[in-house]
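Participant: with the sequence up front, the predicted model follows.
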Amino acid sequence: MARNGRGMRVGKRFHKPGTAPGTLKAPEKRVEQVRMTVIDYGPERLEEKTVTRVQDLFPYRDSPTVTWINIDGLHDVAALEALGKHFGFHPLALEDVLNCGQRPKLEDYGEYHFMIMKSLIHGDTLQTEQISFFLGGNYVITLQEIPGDSFEAVRERIRRGKGLIRKSGPDYLAYALIDALVDEFFPVLEKFGERIETLEAQLLTDPAPETVQEVHRIKRELLLLRRTAWPERDVIAAMQREESDVIHPETQVFLRDCYDHTIQVIDMIETFRDLAAGMLDVYLSSVSNRMNEVMKVLTIISTIFIPLNFIAGVYGMNFHTDHPMNMPELDWAFGYPYVLTLMFTVAVLLVYYFRKKRWL
Amino acid sequence: MARNGRGMRVGKRFHKPGTAPGTLKAPEKRVEQVRMTVIDYGPERLEEKTVTRVQDLFPYRDSPTVTWINIDGLHDVAALEALGKHFGFHPLALEDVLNCGQRPKLEDYGEYHFMIMKSLIHGDTLQTEQISFFLGGNYVITLQEIPGDSFEAVRERIRRGKGLIRKSGPDYLAYALIDALVDEFFPVLEKFGERIETLEAQLLTDPAPETVQEVHRIKRELLLLRRTAWPERDVIAAMQREESDVIHPETQVFLRDCYDHTIQVIDMIETFRDLAAGMLDVYLSSVSNRMNEVMKVLTIISTIFIPLNFIAGVYGMNFHTDHPMNMPELDWAFGYPYVLTLMFTVAVLLVYYFRKKRWL
Amino acid sequence: MARNGRGMRVGKRFHKPGTAPGTLKAPEKRVEQVRMTVIDYGPERLEEKTVTRVQDLFPYRDSPTVTWINIDGLHDVAALEALGKHFGFHPLALEDVLNCGQRPKLEDYGEYHFMIMKSLIHGDTLQTEQISFFLGGNYVITLQEIPGDSFEAVRERIRRGKGLIRKSGPDYLAYALIDALVDEFFPVLEKFGERIETLEAQLLTDPAPETVQEVHRIKRELLLLRRTAWPERDVIAAMQREESDVIHPETQVFLRDCYDHTIQVIDMIETFRDLAAGMLDVYLSSVSNRMNEVMKVLTIISTIFIPLNFIAGVYGMNFHTDHPMNMPELDWAFGYPYVLTLMFTVAVLLVYYFRKKRWL
Amino acid sequence: MARNGRGMRVGKRFHKPGTAPGTLKAPEKRVEQVRMTVIDYGPERLEEKTVTRVQDLFPYRDSPTVTWINIDGLHDVAALEALGKHFGFHPLALEDVLNCGQRPKLEDYGEYHFMIMKSLIHGDTLQTEQISFFLGGNYVITLQEIPGDSFEAVRERIRRGKGLIRKSGPDYLAYALIDALVDEFFPVLEKFGERIETLEAQLLTDPAPETVQEVHRIKRELLLLRRTAWPERDVIAAMQREESDVIHPETQVFLRDCYDHTIQVIDMIETFRDLAAGMLDVYLSSVSNRMNEVMKVLTIISTIFIPLNFIAGVYGMNFHTDHPMNMPELDWAFGYPYVLTLMFTVAVLLVYYFRKKRWL
Amino acid sequence: MARNGRGMRVGKRFHKPGTAPGTLKAPEKRVEQVRMTVIDYGPERLEEKTVTRVQDLFPYRDSPTVTWINIDGLHDVAALEALGKHFGFHPLALEDVLNCGQRPKLEDYGEYHFMIMKSLIHGDTLQTEQISFFLGGNYVITLQEIPGDSFEAVRERIRRGKGLIRKSGPDYLAYALIDALVDEFFPVLEKFGERIETLEAQLLTDPAPETVQEVHRIKRELLLLRRTAWPERDVIAAMQREESDVIHPETQVFLRDCYDHTIQVIDMIETFRDLAAGMLDVYLSSVSNRMNEVMKVLTIISTIFIPLNFIAGVYGMNFHTDHPMNMPELDWAFGYPYVLTLMFTVAVLLVYYFRKKRWL
């Protein structure tokens, strides 16, 4: 998997060219054990359990209540294939679930929708993890490579039964989960705001090469965020526009709100990009100012001393002074004071000249 | 709240990811006391008062006259919730009222419109304050964190009863308020024009690093203005396009005028951005010209004196002149004048060479 | 009024924020006397006169012939208000007439069209003057702050009665006037072409800082032209698309021609902008080449003389040569020739080295 | 006529502003004699002749066969006016024929189409020549200022009667002529490809200021090509979309092919522009690398010799060594070897330091 | 054929301008022998053979089964002409087959579709090879200049009869082949990811001019990929949108998946371009940092030693000390220690000054 030096994954996992479409290939194993949890709920009812066999999930396809199945770990291809077969998922969709590194997208398969979204993981470096959604008439299935805590707050809201979530359908649940993913951007961007603020202060007071490296790292991470946020916006816009059996009109207004959040996120990302680009300009002009100051000092010191050295050099010549034309100054009673005065005068004139030229 | 070094707020206030939509959270308290004022008017009637309890506002929902309720200070969440409940506002709209830092937007909730606009605050640094509008069939409600004087002129026009305002509906009032906000851009941009003019003169006569910092500050503040003006243009365009019970055809022509103003504002912002970008170029070429001049002087002085120093150095060597081949010049009667002439000739030739090369 | 350093007006005249829309405020007085001229014509008829009272213009509203009223000087607000009242102009349109610095635009008020165009004034610096048009079923009213000669040729065509102008309606007259304004761009752009040509030659042969200032001035004036030409194109496109009582189909083909001219103008402006941007690149590379040449000479002269100076310095040391190890060279019969040879050899080797490195 | 330094015409010939539309003004005379040739053909018939009087062309307007009239030289305005009158051409179209320097365009005048295209002339510098087309139901008239050989191949195809040309109508002929003009781009672009290839090699091995001038020339010529190719694409797209009496469905597929060629041309132009822009980057980094290398040598040589010179200078001081504290080294038996060793050690340490810093 | 220095073909093969459309011209011979292979299959049937005469292919036009004809080598124009005649292909399509260097495109000729796609060849440098497709109701014909292994996996899938391919029509086959071509991008992009990663590491630790050359090579190859991927995306989008006899609804979902892949490819290309552009910035700031460090050392060493040298020079002057005012220091008992102390003090003060200025 192509990653650039700081953990930004740039590719998708791919098959050998020419592989039949819908061929399922297990991704790298990133959790020890596939973990399948079910939350089945209605206004009055709540069942939460962890199952070990994929077959235990099958009955929920036709249950009248809303079911949310979450699967952490994708390496058990056989189980996923069985699940896909039972729920009637298209092989291409399942292939996309396994080939992590997809762009966020929404695909309408009629009876169910298939969505890909991203979860932000902010460890040492910023990374994204793919989360796949199947949204049917009475279920939401979410799949991810490693367990994340993005959905914990939603789970809690279901448990407590506050708000609309227990009274609404799976489309509202899907909205709630997607909204949780979109909201993950805000603390990350907050942190970017602080990093940019710190960097700008540093650039003005003490521009170091490391600061530039940091600016570039920020630019790259913003690139990653941008690549994530734009297609997510499209996904949510497509969900909002559509009126189907799967997504109900009542959910539209919430999706519009969620769409506004993505717009907000993109707006912040673009602003940060502009600020980061401006910072490089600040850095370069700051460095060149500093360089100029250094150069000026060199110029001035050299330029003042060069003629003085020349004078000293002249009177250091060994012409024989017994010839009256040969450096009679050496024999003057006040030769030394004269030459010191000469040197001082030259220096003063040069300083005056530089002052006049405003170089000093 | 993420602010960058000079007071430009880059984020929005956000909930913890996963919080239920419509959850109201009090913003930071920025005024001591929530202040609620009501102006209820018609062609013949004018009532203006300040209320202390939110319940006193409720009767105005169904009054036949036009009512403008202005609320300064948003930290009393309970009151806002009560207000929202009574007027039937959507919880997501109320959430946006409290989460300041939203982008300007227009949301059509059927019976009422919800708008977010920005007021410009030009203290030491340029800032924006969010102003939320609820526009119903017979009322306008405006909400802001801190009291501002953006609306004072409109209030005065209502009091005096001149113009159309007393004869028109709440949509005209909303137009008048929004127009007042858009017009706030012009004095700000005027000031930008003057700052840019001053800076350009400085850049040509005396380019200092501080000037560049100032150019960057202007660029950032223009970025903020731009982020404000573009979505406000969209809000007004959306209002103008729409014909509904809430916005009447007679108000459209005024909204078109207001739309023209936003176009004008954006045009000026983009021009200033171009000018600011050009100024950096001017600065860089100005600095590099100055640097070149300094370098030229160094080059020329060094290059002229280096061979002279060399000559002086040669005749400063201590070879024993009793050997006839060893520096017989030292013993010449006119050795010193000869060497001075030689030095002068070399200097003249070098100056001539530099002149010919057009370096001097 | 915000003007930047070289006469480019960047703002519009604006009211205090919150002023009632349609409030008329006299602009700065720029002519001594408001001058109102009327040309009333038909295929067979021509009347041309100058009136002093605005009331003398009123009868032309309902005359069956085509009337062109031109007003130079806008400070007599009362007269304009009376005129607007009689002809039924919207207060917002009149406000735009007075608030010079508007963008070119077309507004359809049903019975009449209101247009804003720009006239180019090329004195020492390039400026634009706003010209407002009211185009009704049988009249054209043009208003401008100061008298210009943009329309003299059209006036002459009416007087001579050649071409279509006397046989056509006010829409053709409006076309002819707008076309005259668009054609003003061509000589201005011609002059830009020559300035750019001259500058390019200068940049290659003798790049001076002043040349860059001139390039920047050109860039700014092109910015102004661009800001004028683009919305004028939109105005003419809108006129051409529309088929109404005010603009007749026969005039469309002429408007298409005029539209082509604006496209041509924009095309030239964009080309000049590209050329001007390219010129800065040429300048910078030209300056850096020159700098490099200077640096090379410095490097080479220094680098050659530094070791020679060192040698001279060594033999200028005062070690007592009575110790046989102390600088026996000083006592050699051919010490001086030897050291000169040594110096010459070092110089030759260094020149050879620089040649090989292709630095010379 | 504004031309910039290297023969790129940037303007159009223009009338004095305010001139009546449709006024015909003779362009500069660029051929001695107007040359009018007629090719009249059908599947079975071919007549080719040169006429001297414009009246001889009139009968072809109503001939049942396809007629191609080519006119080289535009200064005989009277003849063109007569031609236009007889064939019923709009004065604005004729004006565009004479005002060379127009952008390529297609104008639908109902019974006939008027098109402007460009022919590429690749002498010392790249130039374009305007070619005007009138395409009617049974004729094509082409007009150009100077005779070119762009159409010779088409003429030959008509003469030989191979392919579809003799069997098709004037729209196919127009297609064939336009296709010939579009195909002229390919050898020109081929040459650009070679020039760019050569330049890139030069930039890497031997970056000279002249190379940059050449890059800029290429950029400018590409700008000219671009300004030509884009509107020609639009012309052909418009012809292809339209189904009228003038252009028949059978010709559409050929126009689609021709459209593909313009796309190809534009694609190549844009690629070359990207490459040329990249070349400037290569040049600048190449120059700055070279500069760095030069600076490094200067730094190192200076930095090594400066302390050595200082040591030599110290022992060149004339303190009287009869005082025991005054430079006793001068009296040491091994003073000279000692000082040489000291110098050598300093030099070695400095070289080692620079090596360690990776500056050498 | 124009190729730039590193094998990126920038042109298309072109005829002499004016050549009749549909003229077939043999391309350069790049394989010894034209190779024609046929795979004719159905759910139950599979026939695979190599034919030598083009006439052997004719019967397959009307066979009820799906036929895939692959032709490697395009120089046998007569055979292609015969094939085209028999299958009814338009001469313009055949011309495009031979004129390699076309952009990817889809042309709908009613009974059959003609497509141009590209195969990536990653030898020493990245190149593309044109592959032409004819897709009819019961056949797919693919043509390429040189045999490639892009299709081997598809051939294998047909042979094994796994998946849908044997059960589907020629549109599915065309999809499978196009998908194989699109999938070729992924390993190439993977390699780009690794090269970029390596380069970034190098730029930070050891920025060499060669690294920049490599960055530029990557930029150019990405330009080539981009020019290939964008029109291929358009081809696939056009296929997906269309519902015709040639492309069946069942294949649409697969084309959508393939379209997603091209989006993914383009996304990666654009990201790499951004990264490559960022790398140049990193390089330049890295180089200028290094330069600054070098300059600082030069400045400091020079600036410290220049005054010391001056002092040494002064006491190296030969004034006759018998005059009491002439350099009495030379006669001091502690003159030498005094001057060494003076030098040391000056050096310490300068170092202290530079430290304070933060230049050291």
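Facilitator: Structure's in. What do you need?

Participant: is it true that residue A:137 touches residue A:174?
Facilitator: No: the criterion here is Cβ atoms under 8 Å, and residue A:137 misses it with residue A:174 at 11.8 Å. For the C-beta atoms, the positions are set from N, CA and C on the backbone; glycine is no exception.

Participant: could you find the closest non-adjacent residue to residue A:280?
Facilitator: Once flanking residues are discounted, residue A:280 sits nearest to residue A:215: 6.0 Å by Cβ to Cβ, 6 or more residues apart in numbering or on different chains.

Participant: now swap in residue A:51 and tell me
Facilitator: Spatially, and ignoring its direct neighbours in sequence, residue A:51 is nearest to residue A:36 (5.0 Å; Cβ to Cβ, 6+ apart).

Participant: confirm residue A:336 sits in a strand?
Facilitator: No: counting by DSSP: H, G, I helix; E, B strand; the rest coil, residue A:336 is located in no strand; its state is helix.

Participant: what about it, neighbour count?
Facilitator: By other Cβ atoms under 10 Å in any protein chain shown, 25 other residues sit near residue A:336.

Participant: ok, it to residue E:340 distance?
Facilitator: Distance of residue A:336 to residue E:340, given as Cβ to Cβ, to the nearest Å: 20 Å.

Participant: ok, the residue in the stretch 151-300 of chain A that chain D sits nearest to - contacts?
Facilitator: Residue of the stretch 151-300 of chain A nearest chain D, by Cβ to the nearest Cβ: residue A:298 (11.1 Å). Shown in contact with residue A:298 (Cβ atoms under 8 Å, 6 or more residues apart in numbering or on different chains): B:298, E:298-299, E:302-303.

Participant: give the contact list for residue A:227.
Facilitator: Taking Cβ under 8 Å, 6+ apart, we find residue A:227 in contact with A:103, E:267, E:271.

Participant: just the element for the nearest residue to the first one once chain neighbours are set aside, please.
Facilitator: With sequence-adjacent residues excluded and distances taken as Cβ to Cβ, 6+ apart, residue A:103 is closest to residue A:231, at 4.9 Å. Counting by DSSP states H and E, the secondary-structure element that holds residue A:231 is helix A:209-241.

Participant: secondary structure class for the residue of the stretch 151-300 of chain A closest to chain D?
Facilitator: Residue A:298 ends up helix, using three-state DSSP.

Participant: same thing with residue A:128?
Facilitator: Secondary structure for residue A:128, judged by three-state DSSP, is strand.

Participant: enumerate every residue touching the residue of chain A found nearest chain D.
Facilitator: As assessed by Cβ to the nearest Cβ, chain D sits closest to residue A:316 within chain A, at 6.9 Å. By Cβ under 8 Å, 6+ apart, residue A:316 lies in contact with B:312, B:316, C:316, D:316, E:313, E:316-318.

Participant: which pLDDT does the model give the spatially closest residue to residue A:72 that is not a sequence neighbour?
Facilitator: Computed as Cβ to Cβ, 6+ apart, the closest residue to residue A:72 that is not its neighbour in sequence is residue A:147, at 4.0 Å. We have a pLDDT of 84 for residue A:147.

Participant: residue ranges of the helices in chain A, please?
Facilitator: A:77-87, A:91-98, A:152-160, A:170-183, A:185-205, A:209-241, A:249-314, A:335-356 (DSSP state H).

Participant: single out the most deeply packed of the ones you listed.
Facilitator: Each of the helices of chain A was given a mean neighbour count from mean count of other Cβ atoms under 10 Å in any protein chain shown, and the largest, a mean of 24, is that of helix A:170-183.

Participant: which other helices and strands contact that helix?
Facilitator: strand A:66-72, strand A:113-122, strand A:126-135, strand A:139-144, helix A:152-160, helix A:209-241, helix A:249-314 (3 or more Cβ pairs under 8 Å, 6 or more residues apart in numbering or on different chains; DSSP states H and E).

Participant: just how off-centre is it within its chain?
Facilitator: A distance of 22 Å separates the centroid of the chain from that of helix A:170-183, by Cα atoms, centre = their mean, to the nearest Å.

Participant: what does stretch A:112-131 give?
Facilitator: Here stretch A:112-131 is found 12 Å from its chain centre; the criterion is Cα atoms, centre = their mean.

Participant: does chain B sit close to it?
Facilitator: No: between stretch A:112-131 and chain B, judged by Cβ under 8 Å from any Cβ of the partner chain, nothing touches; the nearest distance is 9.5 Å.

Participant: returning to that earlier point: dump the contacts of residue A:316 to a markdown table, plus pLDDT.
Facilitator: Output for the contacts of residue A:316, formatted as a markdown table (pLDDT from 0 to 100):
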| residue | pLDDT |
| --- | --- |
| B:312 | 90 |
| B:316 | 89 |
| C:316 | 89 |
| D:316 | 89 |
| E:313 | 90 |
| E:316 | 89 |
| E:317 | 88 |
| E:318 | 86 |
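
Participant: surely residue A:84 meets residue A:94?
Facilitator: Yes: taking contacts as Cβ under 8 Å, residue A:84 lies within contact range of residue A:94: 4.7 Å.

Participant: and residue A:324, how far from chain C?
Facilitator: To chain C, residue A:324 is 24 Å away according to Cβ to the nearest Cβ, to the nearest Å.

Participant: again with residue A:228
Facilitator: Counting by Cβ to the nearest Cβ, the gap from residue A:228 to chain C is 34 Å.

Participant: for that residue, which non-adjacent residue is closest in space?
Facilitator: The shortest distance from residue A:228 to any non-neighbouring residue, by Cβ to Cβ, 6+ apart, is to residue A:118 (4.7 Å).

Participant: now do the residue sitting nearest the centre point of chain A, the pLDDT please.
Facilitator: In chain A, the residue lying closest to the centroid (Cα atoms, centre = their mean) is residue A:221, at 2.3 Å. Residue A:221 carries a pLDDT score of 91 in this model.
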